[in-house]
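>>> got a structure for you, letters missing:
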C-alpha cells in the first residue's frame, strides 16, 4: 500500500460492488484494496487459487467484503461464471476493472506468432470478453442494477504504444487494442446503456511483479535520470486513479484513458546539458548585440 493517505472519504463507494480481474496481486490487488477500503464489496478473479485465497484473506482482515473467483479471462464460460457468481453473492455489479494481463520481454524476431497471440488473447480479447459478459449487469436497468444510471468499466492499459517500446511489440499491440475498446464502448454503451468506460495507463510502478520482471535495476536507474518527476510511481497512485473514476468525482469522465506515469511517456534523454544550453544562449545573445540585431529577450 502506498505511503500516502487517501484524499477520498472512507465511504465514497459505500454500497458498490466491484469485480477486479488480476486483482490478487500487484496493481490489481492495490485497486481491490482501495475500492474495498472505501466501501465497496470486491470480487477478485485470477488463475491461481493460492494467490486468490491469500488476497481474499488479506482483504477480509481489513474489514473488506471480498471473494475470490478462479478463472481465465480468455474463456467466455469462465468470464460468465465469475460475473454470475459475483452478482449472486453480492446482489449486483457496479464496477468492472480489467486488470488481467500478460507480458514478457522479447525481440520481434524471437517472438512466435503464438506468443504474440497469447498476450493479445489475455489483454485484448480478455478485456472485451469480460466487458461483453458484464453488459447485462452493468447497463441501466440490468440484472441487479438498482441505479438510475449504468455502471463503470475501467481497463488497465499502458503507454508503450503511444510511441514505441523495445522488446514489447506484443504488449504494445494489445494495449493499443484495449484503448480502442475503451473508446468504442464509451461511445456506444455510454449512449445506449449509460455505462461509462475509461482506462488507466500506468507508468513504471515500483514493487510490482511487472517492474521486477521487465526492468532490470541498472536500466531502472538509467530511466530515472530523465523521468520528469525523477521517481517511480506507487501502486497506490494507480488505485487512486481508479477510485477517482469510480467515485462521483469522475461521473462525467467517459472514453478517456488516464495516463499515470509522472510524464515519463513525454520524456527524452537530455541530449545537451543545461549549462551548455545557457552558454550557447549567451553566445547567441552576444553575437546579436554585436551586429545590431534585436535582443532575443522579451
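In hand now; what should we look at? Just so it is clear, the model here is predicted, and its values are computed rather than measured.
>>> drop to CA atoms for contacts and neighbour counts, all remaining ones
Fine.
>>> Endpoints of stretch 99-117, how far apart?
Terminal residues of stretch 99-117 lie 18 Å apart, using Cα to Cα, to the nearest Å.
>>> Identify all contacting residues around it.
The contact list for stretch 99-117 (Cα atoms under 8 Å, 6 or more residues apart in numbering) reads 20-23, 28, 46, 73, 119, 122-123, 126-127, 155-156, 166-171, 210, 213-214.
>>> are any of those residues buried, and which?
With burial judged by 16 or more other Cα atoms under 10 Å, the buried subset of the contacts of stretch 99-117 is 20-23, 28, 46, 73, 119, 122-123, 126-127, 155-156, 167-171, 210, 214.
>>> The lengthiest helix in the chain - contacts with which helices or strands?
Scanning the chain for the helix with the most residues, using DSSP state H, yields helix 169-193. Applying 3 or more Cα pairs under 8 Å, 6 or more residues apart in numbering; DSSP states H and E, one finds that helix 169-193 contacts helix 113-120, strand 152-156, strand 196-202.
>>> Enumerate every residue touching residue 42.
Residue 42 is in contact with 17-20, 32, 35-36, 64-67, counting by Cα under 8 Å, 6+ apart.
>>> and with 7 Å instead?
Residue 42 sits next to 17-19, 32, 36, 65-67 when contact means Cα atoms under 7 Å, 6 or more residues apart in numbering.
>>> helix/strand/coil for it?
strand (DSSP: H, G, I helix; E, B strand; the rest coil).
>>> which residues does it bridge with?
Per DSSP bridges, residues listed as beta-bridge partners of residue 42: residue 18, residue 66.
>>> Give me the distance between it and residue 65.
6 Å.
>>> Also residue 58?
Residue 58 is 11 Å from residue 65, where distance means Cα to Cα.
>>> Poorly predicted segments of the stretch 151-298 of the chain, please.
208-230, 268-271, 284-298 (pLDDT under 70).
>>> can we see that at 90?
Along the stretch 151-298 of the chain, the parts satisfying pLDDT under 90 run over 165, 203-233, 262-298.
>>> all helices for the protein, in order.
Listed in chain order (using DSSP H), the helices of the chain are 26-37, 49-61, 76-90, 113-120, 126-138, 169-193, 209-214, 217-224, 235-246, 274-290.
>>> need the ones you listed in JSON lines with distance to residue 253, can you?
Converted to JSON lines, those look like this (distance: least, Cα to Cα, whole Å):
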{"stretch": "helix 26-37", "distance to residue 253": "18"}
{"stretch": "helix 49-61", "distance to residue 253": "28"}
{"stretch": "helix 76-90", "distance to residue 253": "24"}
{"stretch": "helix 113-120", "distance to residue 253": "27"}
{"stretch": "helix 126-138", "distance to residue 253": "17"}
{"stretch": "helix 169-193", "distance to residue 253": "10"}
{"stretch": "helix 209-214", "distance to residue 253": "28"}
{"stretch": "helix 217-224", "distance to residue 253": "31"}
{"stretch": "helix 235-246", "distance to residue 253": "7"}
{"stretch": "helix 274-290", "distance to residue 253": "39"}
